[in-house]
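S.K.: the following comprises the amino acid sequence and a computationally predicted model.
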Amino acid sequence: GAGVSQSPRYKVAKRGQDVALRCDPISGHVSLFWYQQALGQGPEFLTYFQNEAQLDKSGLPSDRFFAERPEGSVSTLKIQRTQQEDSAVYLCASSLAAGHTEAFFGQGTRLTVV
Amino acid sequence: AQSVTQPDIHITVSEGASLELRCNYSYGATPYLFWYVQSPGQGLQLLLKYFSGDTLVQGIKGFEAEFKRSQSSFNLRKPSVHWSDAAEYFCAVGAGNNDMRFGAGTRLTVKP
């Protein structure tokens, strides 16, 4: 596709439920990033992939958060046993080269935990 | 670790007036600096970036920014604001690693 695509756009989860958020990066992009954006805040880094390798997961807030990119293209961010504090917009970005040379962002998935 | 401060949470300007959004960063070496814009319900769109070289960088939509090492600043400017510029603006700093830090954002309102 022409840009980074994320699905679903909106997700409402009951507390304790597991969720999976999908990111389709721009075709051929090596780098993929996940960010968490709380209401009224700037995005905060969660994790980074270079192709299929997860090179940095230092921003994942707890072991309930897990991300994968098994074939170096589509990525999934999974959150287990969701809590209210997980409510946020989850943004995915990709860039052609390694690192943050020029990252293109998707529209995000707004997760609301009730 | 790098950090970014955007001192202005909300700015209101009249259409046609000039604009300057402030950004201060903290990082020990020469950072990579970015400005992104986010419209409601949308992802972030890159306006411009600075990696090295000329400290005055031009971006899309008529925006420019100037890197001032002595002031640790990377302020965004536009000479004449259009109503369509109303959005949230984020400054970000990357340290050559994979971690890009964003400021809390400045919301721009444009008065007719």
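M.R.: All right, it came through fine.
S.K.: what separation do you get for A:Ala97 and A:Gly28?
M.R.: Taking C-beta to C-beta, to the nearest Å as the measure, A:Ala97 falls 11 Å from A:Gly28. C-betas here are computed from N, CA, C, even on glycine.
S.K.: which residues are in contact with B:Leu44?
M.R.: Contacts for B:Leu44 (C-beta atoms under 8 Å, 6 or more residues apart in numbering or on different chains) come out as A:43, A:91, A:93, A:105, B:36-38, B:90.
S.K.: which strand residues bridge it?
M.R.: Per DSSP bridges, the residues bridged to B:Leu44 are B:Gln38.
S.K.: model confidence for it, exactly?
M.R.: On the pLDDT scale, B:Leu44 is placed at 91.
S.K.: then the one 5 residues further on?
M.R.: Looking at B:Lys49, its pLDDT reads 92.
S.K.: distance check, it against chain A.
M.R.: Distance, B:Lys49 to chain A, by C-beta to the nearest C-beta, to the nearest Å: 7 Å.
S.K.: list, one by one, the residues from chain B near chain A.
M.R.: B:4, B:32, B:34, B:36, B:41-46, B:49, B:90, B:92, B:94, B:96-105 (C-beta under 8 Å from any C-beta of the partner chain).
S.K.: just the buried residues out of those residues, in PyMOL syntax.
M.R.: To isolate the buried subset of those in PyMOL, counting by 16 or more other C-beta atoms under 10 Å in any protein chain shown, use the following:
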select buried, chain B and resi 4+32+34+36+43+44+46+49+90+92+94+98+99+100+101+102+103+105
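S.K.: leaving out chain neighbours, which residue sits closest to the residue nearest to the spatial centre of chain B?
M.R.: Closest residue to the average C-alpha location of chain B: B:Trp35 at 3.7 Å, with C-alpha atoms, centre = their mean. Excluding the flanking residues, the one nearest B:Trp35 by C-beta to C-beta, 6 or more residues apart in numbering or on different chains is B:Leu47, at 4.4 Å.
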